[in-house]
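A.B. asks: Here's a sequence, model it:
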Amino acid sequence: MLVVDHLETAYGLSQVLFGVSFRVNEGEVVTLLGRNGMGKTTTVRSIMGIVPSRSGSISFDGAPLRGLPSYRVAQRGLGLVPEGRQVFPNLTVFENLIATAANRTARPEPWTLERVFGFFPQLAARRNNYGNQLSGGEQQMLAIGRALMTNPRLLILDEATEGLAPKIRQEIYQSISELKTAGLSILVIDKDIKALTRVADTNFILEKGRVVWHGTSAELAANESLQHRYLGV
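C.D. replies: So this is what the prediction gives:
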């Protein structure tokens, strides 16, 4: 579905990505792992057209994405839950959700306001509250719901549970598991290795802008030395 091949991206004269390659197959959960500053968010921003890449290719369902503006990438079927959530603080939960609503591929069972509220009951109870009145966990649910309202074929979560309480992290990962069961393809960045390996199919580790390892969740969970070398604090 998503194929990233030899992607290179720089901020001015500072190159961040050096030939990053990976893929996400349909119905699969894939992770991008690595310590802070290794290029994970830059990879996501390059895919979404937020940051222009220097070279390489990005394709979705065989069609090229590299060089497209962000709104065109989103229209192709990629939904982003950005780092830091970035909900609209002066819009209500209801307004945040309907602001992005679209069903461009005429899905027979699209994500609607009612379906998102059923998926995240906390949001239903807070539908008239403004974005800046929500807790961190509620804002993350809203950011996920907002992305789902675009009816994406691929959902990208950048720092899925950063700064959230353990109970809320469990709820977010339960949501990811349910979305996977429903057949949604997901690319996720996070640091909770135990939770990730329970839900992910394939994992890619970035080190200084390069993919240094990839493998299954079973392989990653069994390799403590690998985790310590590339993912330990």
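
A.B. asks: The chain: strands as residue ranges?
C.D. replies: 2-11, 14-24, 29-33, 53-60, 63-64, 78-81, 154-158, 185-189, 202-207, 210-216 (DSSP state E).

A.B. asks: is it possible to export the ones you listed to CSV including mean pLDDT, distance to Q139 and mean neighbour count?
C.D. replies: C-beta: built from backbone N, CA, C; applies to glycine. What follows is the strands of the chain, written out as CSV (pLDDT from 0 to 100; distance: least, CB to CB, whole Å; neighbours: other CB atoms under 10 Å):
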stretch, mean pLDDT, distance to Q139, mean neighbour count
strand 2-11, 98, 26, 18
strand 14-24, 97, 25, 18
strand 29-33, 98, 22, 24
strand 53-60, 97, 28, 17
strand 63-64, 96, 33, 10
strand 78-81, 96, 11, 25
strand 154-158, 97, 13, 24
strand 185-189, 97, 17, 24
strand 202-207, 98, 26, 21
strand 210-216, 97, 31, 16
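
A.B. asks: and E138, which of those is closest to it?
C.D. replies: strand 78-81 (13.7 Å; CB to CB).

A.B. asks: From Q133, how far out is L91?
C.D. replies: 11 Å (CB to CB, to the nearest Å).

A.B. asks: separation between P110 and E95?
C.D. replies: 19 Å.

A.B. asks: Listing request: residues of the chain with sub-threshold pLDDT.
C.D. replies: When residues are selected by pLDDT under 70, those of the chain lie in 233.

A.B. asks: Would you tell me which helix is longest in it?
C.D. replies: Criterion DSSP state H: the longest helix present in the chain is helix 166-181.

A.B. asks: Can you list the helices and strands that that helix packs against?
C.D. replies: Under the contact criterion of 3 or more CB pairs under 8 Å, 6 or more residues apart in numbering; DSSP states H and E, helix 166-181 touches helix 136-148, strand 185-189, helix 193-199.

A.B. asks: Quick one: closest of those to L155.
C.D. replies: Here strand 185-189 is closest among these (CB to CB), at 4.9 Å.

A.B. asks: CA atoms only: put the longest helix of the chain into PDB for me.
C.D. replies: C-alpha atoms of helix 166-181 as PDB (Å, rounded to 0.1, in the frame of the first residue of the first chain):
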ATOM      1  CA  PRO A 166      -0.800   4.500  31.800                       C
ATOM      2  CA  LYS A 167      -4.600   3.900  31.800                       C
ATOM      3  CA  ILE A 168      -5.100   6.300  28.900                       C
ATOM      4  CA  ARG A 169      -2.200   4.700  27.000                       C
ATOM      5  CA  GLN A 170      -4.000   1.300  27.400                       C
ATOM      6  CA  GLU A 171      -7.200   2.800  26.000                       C
ATOM      7  CA  ILE A 172      -5.400   4.200  23.000                       C
ATOM      8  CA  TYR A 173      -3.700   0.900  22.200                       C
ATOM      9  CA  GLN A 174      -7.000  -0.900  22.600                       C
ATOM     10  CA  SER A 175      -8.400   1.600  20.000                       C
ATOM     11  CA  ILE A 176      -5.500   0.800  17.700                       C
ATOM     12  CA  SER A 177      -6.100  -2.900  18.000                       C
ATOM     13  CA  GLU A 178      -9.800  -2.500  17.200                       C
ATOM     14  CA  LEU A 179      -8.900  -0.400  14.100                       C
ATOM     15  CA  LYS A 180      -6.500  -3.100  13.000                       C
ATOM     16  CA  THR A 181      -9.200  -5.700  13.400                       C
END
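
A.B. asks: Appreciated, that's everything.
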